[in-house]
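[1] no sequence for this one, just the structure:
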């Protein structure tokens, strides 16, 4: 009889509290890692998208002798002030998106994984602008995406970036020199800067 009562009595308050504390410690250590893993996965997808677009740009260049001039008739996440977005709302045939999509799988240019991601004014889209090289226009380019994890970034921009961050009249070498020079992690005056990933051939 005593054995049956002991079996049915359940947990004491102290035992429950110990279990709750252990669960709390486990949640506190595991959840931040899971959140970071999701951010890194999204950033990995963004970098893969940029590399795919870059390959399409190389094929386009071999066909036309230059990279597309930056034009955008899309709304770029609802805004019209970012003409260098590779936005899927593009409507004109000479829009960079429409000029490039036939060179990509599925006849479409990938869109940014995070629909709220704002890279140089491109909301939910990737940023593109042609650059000079060897004194000639449209002989190089920059592709960019904002990243959630600074460890995967290779470029830093101002805290309130604009499309003018990359000037199409500038030589690509000006920007290539700055790749991988960002301070990791950003500190001091650089804390307010945003980390992005750029592809410049």
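    Nice, thanks for sending it over. Keep in mind that this is a model prediction, so the values were computed, not measured.
[2] What distance separates the opening and closing residues of stretch 169-180?
    Using Cα to Cα, to the nearest Å, one end of stretch 169-180 lies 23 Å from the other.
[3] Please enumerate the helices of this structure.
    Assigned by DSSP state H, the helices in the chain fall at 2-8, 13-64, 96-100, 172-176.
[4] Next, format these as a markdown table and append mean neighbour count.
    Where C-beta positions appear, they are placed from N, C-alpha and C, glycine not excepted. Listed next are the helices of the chain as a markdown table, based on neighbours: other Cβ atoms under 10 Å:
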| stretch | mean neighbour count |
| --- | --- |
| helix 2-8 | 7 |
| helix 13-64 | 13 |
| helix 96-100 | 22 |
| helix 172-176 | 16 |
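[5] and those helices as a markdown table, adding mean pLDDT?
    As requested, the helices of the chain are exported to a markdown table (pLDDT from 0 to 100):
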| stretch | mean pLDDT |
| --- | --- |
| helix 2-8 | 58 |
| helix 13-64 | 89 |
| helix 96-100 | 91 |
| helix 172-176 | 91 |
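[6] Contact partners for residue 176?
    Contacts were defined as Cβ atoms under 8 Å, 6 or more residues apart in numbering; by that measure residue 176 touches residue 200.
[7] That one and residue 137: what is the separation?
    Distance, residue 176 to residue 137, using Cβ to Cβ, to the nearest Å: 17 Å.
[8] Over to residue 151?
    The separation that residue 151 has from residue 137, given Cβ to Cβ, amounts to 35 Å.
[9] higher neighbour count, the two?
    In terms of neighbours (other Cβ atoms under 10 Å), residue 137 is the more surrounded of residue 151 and residue 137; the figures are 14 against 11.
[10] pLDDT wise, what is that one at?
    Residue 137 carries a pLDDT score of 92 in this model.
[11] and what of residue 107?
    Per-residue confidence for residue 107 comes out at a pLDDT of 92.
[12] For residue 107, the count of nearby residues, please.
    Once other Cβ under 10 Å is used to define contacts, residue 107 is seen to have 8 neighbours.
[13] show me what contacts it?
    Residues near residue 107 by Cβ under 8 Å, 6+ apart: residue 101.
[14] same deal with the one 10 residues further on?
    By Cβ under 8 Å, 6+ apart, residue 117 lies in contact with 46, 123, 124, 145, 146.
[15] got it, and residue 64?
    With contacts defined as Cβ under 8 Å, 6+ apart, residue 64 has no neighbours.
[16] how near is it to residue 142?
    For residue 64, the distance to residue 142 (Cβ to Cβ) stands at 18 Å.
[17] Starting from the longest strand along the chain, tell me which strands it pairs with and how they run.
    The strand that spans the most residues within the chain, counting by DSSP state E, is strand 136-146. The sheet places strand 136-146 alongside strand 126-133 (antiparallel), strand 194-199 (antiparallel), with pairing taken from DSSP bridges.
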